[in-house]
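# Provided below for reference: sequence and predicted model.
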Number of protein chains: 2
Amino acid sequence: MSTTGSLYVIGLGPGDPRMLTEQAKLALRQSQVVIGYTGYFAGVQDLVQDKECIALPLTQETARAQVAVDRATQGDAVCVISSGDAGIYGMASLVLEVLEQRTSSDPCPALEVVVVPGVSAVNACASLLGAPLGHDFAVISLSDLLTPWMLIEKRLEAAAAADFITVLLNPKSARRDWQYGRAQEILARYRAPETPVGMVRNAYRSDQSVTTTTLAQMSEPTVDMLTTVIVGNSQTRCWQSRMVTPRGYPIAETP
Amino acid sequence: MSTTGSLYVIGLGPGDPRMLTEQAKLALRQSQVVIGYTGYFAGVQDLVQDKECIALPLTQETARAQVAVDRATQGDAVCVISSGDAGIYGMASLVLEVLEQRTSSDPCPALEVVVVPGVSAVNACASLLGAPLGHDFAVISLSDLLTPWMLIEKRLEAAAAADFITVLLNPKSARRDWQYGRAQEILARYRAPETPVGMVRNAYRSDQSVTTTTLAQMSEPTVDMLTTVIVGNSQTRCWQSRMVTPRGYPIAETP
């Protein structure tokens, strides 16, 4: 089988179409088929109106990746759309995994596969909080759906002990209500109660909310799946409701 | 003193102007004064040709932040340009620190300060390597210019032990030649020798190079300040010269 399909995996950024890169727009324009979660199409309507749009609900990520690979191996120019950056907990790894499985049984189709980077939730939320990510940081998803909770705890402990600025994704959902409190507990063992914490919900969307608080007070009831929480390191300060992490440490002072 | 200056801090992305977001372009268009490292202006020439451009050499980051705050408090619309994402080890924290110092002595000038997110080296390099960042990750700069080396080692150890995908920035320079080897040593204590490692130099520039190798073999002589190195977690695989980190762990298997 010899085809010349192409497969772009792009990140749309946090929601506002002005956060799309030119390269992502180009990938959309060059595609015949656009595949993504139903909710993602609204922001890029003018870019996809002449395309075949395949919208699949949340939880059907694997199905989306499979349809994308099917269509691309049939010779179509296909674009998979993800929110944020497609490479950061996004569709890129799923698409490559499906491709890997296929090529282990079939001869490899002549596919061009391009992952287009985007502005992730991490970049977007940090910008709204000021400059929390001025130094080394760790990004941890609190969802234990596909990851054992013990490993997530180990990571929280490691990030806290080594003074990483700590970005918490998927902090809470209707079913997962205690993990966020546990994360706070672990971080509080290593960092001062007044450590600045930022919370951003629906970054760059019309219902955006940006809050700065402290480690001691971070258990807001409004924290949910759409919230990104950034806990500062030992050097992070709060200035006029913004978080600022300096690029370094005072000389001869190690936390 | 009451002025209505504005201060945008934007990230230009990895180098290719097609990676600029619309929001970043808008900030440039609305500015009268553009301040940045000399090398950053080439990629955005058509956007800044009617502006006052203040180009300052590398190492003069603080001077750039000070000039930017000076001009904005005088009432100008000022844009500070950074490579990558301005918030990730970028100019955003320096600019906010300078503002913080000023307002502690002067009455606060009426300044609009906006940090515009961008595609960081982390996002860009990951996309070129496939999908290495499909799970929790830690970003560590190996530069010990402003950070005690012992803390950097502690972070390497923590990231390695807790199975974080580990992104190494500033791995080596002419003066810092042993830190990268030390990082490899620490990671190798916790992760298999065949763990996939990706190296990207000059992402999305004409002289871009993308290499995948293993933890055992990552000490390439070409690694330098312009290289970003991504070390996979225990689940990362290499497939057709790409790194793929699955979104989760096999059930009941913790590293």
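Structure's in. What do you need?
# Quick check, the residue in the stretch 151-255 of chain A closest to chain B?
In the stretch 151-255 of chain A, the residue that lies nearest chain B is A:G248 (2.4 Å; CB to the nearest CB). To be clear about C-beta, it is placed using only N, CA and C from the backbone, and glycine gets the same treatment.
# measure that residue to B:S104 for me?
For A:G248, the distance to B:S104 equals 20 Å [CB to CB, to the nearest Å].
# So which of these two has more stuff around it?
Between A:G248 and B:S104, A:G248 has the larger neighbour count (other CB atoms under 10 Å in any protein chain shown), namely 16 against 9.
# Pull the contacting residues for the nearest residue to the more buried one once chain neighbours are set aside.
Leaving aside its chain neighbours, A:G248 sits nearest to B:L146 (2.4 Å; criterion: CB to CB, 6 or more residues apart in numbering or on different chains). By CB atoms under 8 Å, 6 or more residues apart in numbering or on different chains, the contact set of B:L146 is A:R247, A:G248, A:Y249.
# How about A:G84?
Shown in contact with A:G84 (CB under 8 Å, 6+ apart): A:G11, A:L12, A:G13, A:P14, A:G90, A:G118, A:V119, A:S120, A:A121, A:V122, A:A124.
# Okay, the second one and A:Q240: tell me how far apart.
Between A:L12 and A:Q240 the distance, using CB to CB, works out to 31 Å.
# got it, and A:A131?
Distance check for A:A131 against A:Q240: by CB to CB, it reads 12 Å.
# Tell me how many other residues crowd the residue nearest to A:P14 when sequence neighbours are not counted.
Excluding the flanking residues, the one nearest A:P14 by CB to CB, 6+ apart is A:A124, at 3.8 Å. By other CB under 10 Å, 26 other residues sit near A:A124.
# mind checking the SS state of A:A124?
Here A:A124 is recorded as helix under DSSP: H, G, I helix; E, B strand; the rest coil.
# before we move on, what about A:G87?
coil.
# just to revisit the earlier point, closest one to B:T236 out of the contacts of B:L146, please.
B:T236 lies nearest to A:R247 out of the contacts of B:L146, by CB to CB, at 29.3 Å.
# The stretch 151-255 of chain A: strands as residue ranges?
A:165-169, A:196-201, A:209-214, A:227-231, A:237-239, A:242-244 (DSSP state E, counting those that start in this stretch).
# Now for A:D70, how many residues are close by?
Neighbourhood size, A:D70 [other CB under 10 Å]: 15.
# Now do the spatially closest residue to A:M218 that is not a sequence neighbour against A:G13, distance only.
Leaving out its chain neighbours, the residue that sits closest to A:M218 by CB to CB, 6+ apart is A:V197, at 4.5 Å. A:V197 sits 24 Å away from A:G13, going by CB to CB.
# what do you get for A:A65?
Distance of A:A65 to A:G13, computed by CB to CB: 20 Å.
# Check A:V34 too.
16 Å.
# again with A:T38
A:T38 is 18 Å from A:G13, by CB to CB.
# Neighbour count: the two, which is higher?
Each of A:T38 and A:G13 has its neighbours counted (other CB under 10 Å); A:G13 has more, 30 against 12.
# contacting residues for the more buried one?
Applying CB under 8 Å, 6+ apart, we find A:G13 in contact with A:M19, A:L20, A:T21, A:A24, A:S83, A:G84, A:D85, A:G118, A:V119, A:A124, A:Y204, B:T21.
# quick one: which of the contacts of A:G84 sit in strands?
A:G11 (DSSP state E).
# List just the nearest of the contacts of A:G84 to B:R176.
Compare each of the contacts of A:G84 with B:R176 using CB to CB and the shortest gap goes to A:V122, at 26.7 Å.
# Quick check: which helices or strands does the helix or strand A:V78 falls within pack against?
Per DSSP states H and E: A:V78 is located in strand A:77-82. In this structure, strand A:77-82 packs against strand A:6-11, helix A:22-29, strand A:33-37, helix A:61-73, helix A:91-105, with contacts taken as 3 or more CB pairs under 8 Å, 6 or more residues apart in numbering or on different chains; DSSP states H and E.
# Mean confidence (pLDDT) on it, please.
Average pLDDT, strand A:77-82: 96.
# now stretch A:137-146
96.
# Can you tell me the SS state at whichever residue of the stretch 51-200 of chain A sits closest to chain B?
Relative to chain B, the nearest point of the stretch 51-200 of chain A is A:L146 (2.4 Å; CB to the nearest CB). In three-state terms, and counting by three-state DSSP, A:L146 is coil.
# related to what we said a few turns ago, let's have the helices and strands packed on strand A:77-82 in a markdown table, adding mean pLDDT.
Shown next, in a markdown table, are the helices and strands packed on strand A:77-82 (pLDDT from 0 to 100):
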| stretch | mean pLDDT |
| --- | --- |
| strand A:6-11 | 96 |
| helix A:22-29 | 95 |
| strand A:33-37 | 96 |
| helix A:61-73 | 95 |
| helix A:91-105 | 91 |
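# Spell out which residues of the stretch 151-255 of chain A are next to chain B.
The stretch 151-255 of chain A comes close to chain B at residues A:151-152, A:154-155, A:157-159, A:161-164, A:237, A:239-240, A:242, A:244-249, A:252-255, as judged by CB under 8 Å from any CB of the partner chain.
# give me the low-pLDDT residue ranges for the stretch 151-255 of chain A?
Residue ranges of the stretch 151-255 of chain A with pLDDT under 70: A:251-255.
# Helices of that one, residue ranges please.
Secondary structure of the stretch 151-255 of chain A (DSSP state H, counting those that start in this stretch): helices located at A:179-190.
# just checking, A:R102 touches A:V69?
Yes. Using CB atoms under 8 Å, A:R102 makes contact with A:V69 at a distance of 6.1 Å.
# and those two? which has more neighbours close in?
Neighbours per residue (other CB under 10 Å) separate A:R102 from A:V69, with A:V69 holding more: 26 against 17.
# what's the closest non-adjacent residue to the more buried one?
What sits nearest to A:V69 in space, not counting adjacent residues and going by CB to CB, 6+ apart, is A:V98, at 4.9 Å.
# correct me, but that neighbour touches A:A63?
No. Contact criterion CB under 8 Å: A:V98 and A:A63 do not qualify, at 10.0 Å.
# what's the spacing between stretch A:140-160 and its chain's center?
Taking the mean of its C-alpha atoms, stretch A:140-160 sits 16 Å from the chain's own mean (CA atoms, centre = their mean, to the nearest Å).
# Using PDB, list the CA coordinates for that stretch.
Provided in PDB are the C-alpha atoms of stretch A:140-160 (Å, rounded to 0.1, in the frame of the first residue of the first chain):
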ATOM      1  CA  ILE A 140       1.700  17.000  37.700                       C
ATOM      2  CA  SER A 141      -1.800  15.800  36.800                       C
ATOM      3  CA  LEU A 142      -3.800  14.800  39.900                       C
ATOM      4  CA  SER A 143      -6.000  12.500  37.800                       C
ATOM      5  CA  ASP A 144      -5.500   8.900  38.900                       C
ATOM      6  CA  LEU A 145      -7.600   7.400  36.100                       C
ATOM      7  CA  LEU A 146      -4.500   6.100  34.200                       C
ATOM      8  CA  THR A 147      -1.800   6.600  36.900                       C
ATOM      9  CA  PRO A 148      -1.600   4.900  40.300                       C
ATOM     10  CA  TRP A 149      -2.200   7.500  43.000                       C
ATOM     11  CA  MET A 150       0.900   6.300  44.900                       C
ATOM     12  CA  LEU A 151       3.000   7.500  42.000                       C
ATOM     13  CA  ILE A 152       1.300  10.900  41.900                       C
ATOM     14  CA  GLU A 153       2.000  11.300  45.700                       C
ATOM     15  CA  LYS A 154       5.600  10.400  45.100                       C
ATOM     16  CA  ARG A 155       5.800  13.100  42.500                       C
ATOM     17  CA  LEU A 156       4.100  15.700  44.700                       C
ATOM     18  CA  GLU A 157       6.600  14.800  47.500                       C
ATOM     19  CA  ALA A 158       9.600  15.000  45.100                       C
ATOM     20  CA  ALA A 159       8.500  18.300  43.600                       C
ATOM     21  CA  ALA A 160       7.800  19.800  47.000                       C
END
